[in-house]
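Colleague: Here you go, sequence then predicted model.
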Amino acid sequence: MFRNVLEMEGRVASPKTQRSSEKAESPHSELLLHLRLESNPEALCLVRGTVERAAEVTHFPENQIRAIVRAVDEALANVIRHAYQGKKGMPIEVSCNRLWKDRNTKALGGIEIVLSDSGIAADPAAFRGRPLEEIRPGGLGLHFIKQSMDVVEFSRKNGRNFLRLVKYLAPSKPRGPEGD
Amino acid sequence: MEIAARQGEGRVILDVSGDIDLAHSPAMRKVLLGEIKEKRVPKVFLNLKNVRYIDSSGIASLVEGLKASRDQGSRMILYGLSPSVKEVMELSRLQRIFEIYDNEEQALSSQAR
């Protein structure tokens, strides 16, 4: 059994308290929550429930809440399967920041989620996904993430992987089953 | 996730409930392939009415089941997809390859075909 399923800090913090590696680019953001979990698939349902609430308080409509939850879940599954190669008990952190709309800077409101892990570096080729015309299991997770979010950025710093996901409240790129 | 099986003449109905995610898709795959490849059931119905969430690994399990059923010359039929599951099917662009019905009545009446 894993020791801690999920550790959560649920507080609204000033941007100054955020870690530099997880900080939103916009100064008009606040930390909604910070989760520490281990690379156990059983923890995914807890993260889904928590991120769903975070998206709700950010006032996303129902279908976009489902999209945000789906993206975070698929991203975490990728960390467990690929960065940690299925090994349990390895650390993963998830930060959710609320992005405030600012008319002066034209910053858009929304939610920013940053996942970080200390697993093996992701293969950039894997981030291109695969053609959906191929009917075969696997390779759909990244496609779901890209379809669900407005910004998907991967970086590696100091031996850690960071995946930054952003969904804007409005205007948002129109997305549908047919994709971009 | 829970799976309950209802056996019938030349068919099995698998009532799936809960989340088909990374934690549970291996169990889903095992049950599905057990019915199709080992027991060689001619028609496998998947009742997804009580599935709240399915991820890409869950979809991958369904694709594997479908491929196995095609190899065996049997049928795998899905019904009762929630809006959330339908959404994921559409995103994966795989809804057209599956045999999907709205409810159990329609799915079972498709047996004659």
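Modeller: Structure's in. What do you need?
Colleague: mind checking the SS state of residue A:45?
Modeller: At residue A:45 the chain is in helix, as set by DSSP: H, G, I helix; E, B strand; the rest coil.
Colleague: Same question for residue A:98.
Modeller: Relying on three-state DSSP, one would call residue A:98 strand.
Colleague: Now for it, how many residues are close by?
Modeller: 21 (other C-beta atoms under 10 Å in any protein chain shown). The C-beta positions use only the backbone N, C-alpha and C, and glycine is treated the same way.
Colleague: Name the secondary structure element that contains residue B:61.
Modeller: Element membership for residue B:61 (DSSP states H and E) is helix B:56-72.
Colleague: what ranges do the helices span in chain B?
Modeller: With DSSP state H, the ranges of helices along chain B come out as B:25-33, B:56-72, B:83-92, B:104-109.
Colleague: Hmm, residue A:67 and residue A:52 touching each other?
Modeller: No: using C-beta atoms under 8 Å, residue A:52 is not in contact with residue A:67, being 11.1 Å away.
Colleague: which of those two has more neighbours?
Modeller: Shown here are residue A:52 and residue A:67; by other C-beta under 10 Å, residue A:67 has more neighbours (23 against 15).
Colleague: Wait, a strand at that one?
Modeller: No: counting by three-state DSSP, residue A:67 is not part of a strand but helix.
Colleague: Tell me who's in contact with it.
Modeller: By C-beta atoms under 8 Å, 6 or more residues apart in numbering or on different chains, residue A:67 lies in contact with A:147-149, A:167.
Colleague: what comes up buried for whatever helix or strand residue A:50 lives in?
Modeller: Using DSSP H and E, residue A:50 maps to helix A:44-57. By neighbour count with 16 or more other C-beta atoms under 10 Å in any protein chain shown, helix A:44-57 contains the buried residues A:44-45, A:47-48, A:50-51, A:54-55.
Colleague: How about residues contacting that helix?
Modeller: So helix A:44-57 is contacted by A:5-6, A:8, A:32-33, A:35, A:37, A:64-65, A:68-69, A:72-73, A:76-77, A:94, A:96, A:98, A:111, A:113, A:167, B:19, B:21-23, B:53 (C-beta under 8 Å, 6+ apart).
Colleague: Need the mean per-residue confidence for that helix.
Modeller: Averaging pLDDT along helix A:44-57 gives 96.
Colleague: Only alpha carbons, please: show that helix as PDB.
Modeller: Once non-C-alpha atoms are left out, helix A:44-57 reads as follows in PDB (Å, rounded to 0.1, in the frame of the first residue of the first chain):
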ATOM      1  CA  LEU A  44      -6.200   9.500 -10.000                       C
ATOM      2  CA  CYS A  45      -9.900   9.500  -9.000                       C
ATOM      3  CA  LEU A  46      -9.000  11.700  -6.000                       C
ATOM      4  CA  VAL A  47      -7.200  14.200  -8.300                       C
ATOM      5  CA  ARG A  48     -10.100  14.200 -10.800                       C
ATOM      6  CA  GLY A  49     -12.500  15.000  -8.000                       C
ATOM      7  CA  THR A  50     -10.300  17.800  -6.700                       C
ATOM      8  CA  VAL A  51      -9.600  19.400 -10.000                       C
ATOM      9  CA  GLU A  52     -13.300  19.200 -10.900                       C
ATOM     10  CA  ARG A  53     -14.000  21.400  -7.800                       C
ATOM     11  CA  ALA A  54     -11.200  23.800  -8.700                       C
ATOM     12  CA  ALA A  55     -12.600  24.200 -12.200                       C
ATOM     13  CA  GLU A  56     -16.100  24.700 -10.800                       C
ATOM     14  CA  VAL A  57     -15.000  27.600  -8.500                       C
END
